[in-house]
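J.: no sequence on this one, just coordinates:
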């Protein structure tokens, strides 16, 4: 039996959901999901992790939080699923579950059915994958997915990789009364940002009892008597209840992709400036095309492609300025250049500490700051914030990049508010010494 649609979307993560809801206003749309609605970000990524961290921030007694989560976490996950389903129900589209298989560029086989469409959109995302010396079995050595779903408590855990995802998971696990060790091959964790931005996050993790091993490389991992035995290149051995691998992911490619004209680039689906693959009947949005691997980028691509299809015009997109956030304690957010990116450029730096502002006093902030980097002509090169809940403040600061700092400080901001610290950091940078 056959069914025909205008558009078929494979995958129901944030990109697939947003595109499906947009297109369903004008076209017949089918979305096919091989697991549960929501994808990584909504089900086992940033959204539930942020929920857990927010619960800890709202209470001073960690053990009380943990005891409560044991009873309520599954209810919270069920509620999240209800929100996702309700969003889909309000859209006029069809949803099917199973593993789709390409028969050709316009036809998908699912179970005993064949579904045809004039265009198919890949929004299948990525999934964790092991390395040559670390294999994921989701029992002893797991991905972030198992951590969030199972709510791991009171274990000894090794995190392989101090990247953003690894540190976020490590931070959360430490709050859940686990004994966590991060193994990182670089000089320091969260590599790629200035040390002054990372140091408060690292200090809080250590204060909670975590351990960080830098310049450390994993040589082998093996399972012995139900324990994970990790041997480092310097012969140190770590015995733990569980290992977590976070730095390695692969594109989720549907079966039968070889029956299309899709080309891959470094394992991800190659797309052009219109998000079209090498096959004129197929688009690819979100993590599967290898652009940054961030949910907000995936959602933006859904918006761009949706309006291209509906309005016939494609906006130019530039992902050289993508805001980033670390959902740790404290949080980091930023956009634009760090000092470490400007070794051959003259620049100025200004900081403003939350503890010195009236709003920071009202919130009892003892740590956290705003850091602004200007070029020698007072154009903004980068803005970075570290502190509690700063992910709520970043907003539209991307628009500040390359703007004239002296014009921006003429903007009125509410008093008292943390926005005053942003303005003050810009003023301090204008007056700062060139580096």
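T.: Thanks, I have the structure now. Note that this is a predicted model, so its numbers are computed, not measured. Residues are numbered from 1 along each chain as shown.

J.: spit out the contact partners of the residue lying closest to residue 255 once chain neighbours are set aside.
T.: Nearest residue to residue 255 in three dimensions, chain neighbours excluded: residue 101, at 4.3 Å (CB to CB, 6 or more residues apart in numbering). C-beta here means a position set from N, CA and C on the backbone, and glycine is covered the same way. For residue 101, the contacting residues are 108, 109, 110, 254, 255, 256, taking CB atoms under 8 Å, 6 or more residues apart in numbering as the criterion.

J.: quick one: which of those is nearest residue 71?
T.: Checking those against residue 71 with CB to CB, the nearest one is residue 110 at 38.2 Å.

J.: just checking, the closest one touches residue 98?
T.: Yes. With contact defined as CB atoms under 8 Å, residue 110 reaches residue 98; the gap is 4.8 Å.

J.: the more surrounded of those two?
T.: residue 110 (19 against 12; other CB atoms under 10 Å).

J.: ok, now which ones touch that one?
T.: With contacts defined as CB under 8 Å, 6+ apart, residue 110 is in contact with 32, 96, 98, 99, 100, 101.

J.: equivalent analysis for residue 127, please.
T.: 143, 249, 250, 252.

J.: PyMOL command for the buried members of those residues?
T.: Entered in PyMOL, the line below selects the buried ones among the contacts of residue 127, by 16 or more other CB atoms under 10 Å:
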select buried, resi 143+249+252
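
J.: restricted to strands, list the contacts of residue 127.
T.: Among these, DSSP state E puts 249, 250 in strands.

J.: and which of the contacts of residue 127 is nearest residue 420?
T.: So of the contacts of residue 127, ranked by how close each gets to residue 420 (CB to CB), first place is residue 249, at 39.4 Å.

J.: the closest one bridge partners, please.
T.: With DSSP bridges as the criterion, residue 249 is bridged to residue 128.

J.: which residues sit in contact with it?
T.: 126, 127, 128, 129, 287, 293.

J.: how near is residue 390 to residue 332?
T.: Plainly put, residue 390 is 7 Å away from residue 332 if you go by CB to CB, to the nearest Å.

J.: circling back to that earlier point, whichever of the contacts of residue 249 end up buried, select them in ChimeraX.
T.: Per 16+ other CB under 10 Å, the buried members of the contacts of residue 249 correspond to this ChimeraX selection:
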select :126,128,287,293
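
J.: ok so, going back, let me have the contacts of residue 127 in a markdown table, adding pLDDT and distance to residue 370 as columns.
T.: Shown next, in a markdown table, are the contacts of residue 127 (pLDDT from 0 to 100; distance: CB to CB, whole Å):
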| residue | pLDDT | distance to residue 370 |
| --- | --- | --- |
| 143 | 89 | 34 |
| 249 | 90 | 32 |
| 250 | 93 | 37 |
| 252 | 95 | 38 |
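
J.: before we move on, back to that, got any residues that touch both of residue 110 and residue 98?
T.: With CB under 8 Å, 6+ apart, residue 110 and residue 98 have common neighbours residue 32.

J.: specify the local secondary structure of residue 6.
T.: Three-state call for residue 6 (DSSP: H, G, I helix; E, B strand; the rest coil): strand.

J.: nearest residue to it in space, please, no chain neighbours.
T.: Per CB to CB, 6+ apart, closest to residue 6 is residue 27, 3.8 Å.

J.: ditto for residue 56
T.: residue 175 (5.1 Å).

J.: residue contacts, that neighbour?
T.: 52, 53, 56, 62, 208, 329.

J.: at 10 Å what do you get?
T.: Residues near residue 175 by CB atoms under 10 Å, 6 or more residues apart in numbering: 52, 53, 55, 56, 57, 62, 65, 66, 205, 208, 210, 329.

J.: check residue 205 too.
T.: For residue 205, counting by CB under 10 Å, 6+ apart, the contacting residues are 162, 167, 170-171, 174-175, 180, 182, 189, 211-212, 328-329.

J.: and residue 157, by the same measure?
T.: By CB under 10 Å, 6+ apart, the contact list for residue 157 reads 142, 147, 169-170, 173-174, 176, 178-182, 210, 228, 240-244.

J.: ok, it to residue 238 distance?
T.: From residue 157 to residue 238 the distance is 10 Å (CB to CB).

J.: please apply the same query to residue 413.
T.: Residue 413 is 48 Å from residue 238, by CB to CB.

J.: cool, residue 249 as well?
T.: 24 Å.

J.: and if you look at residue 297?
T.: 35 Å.
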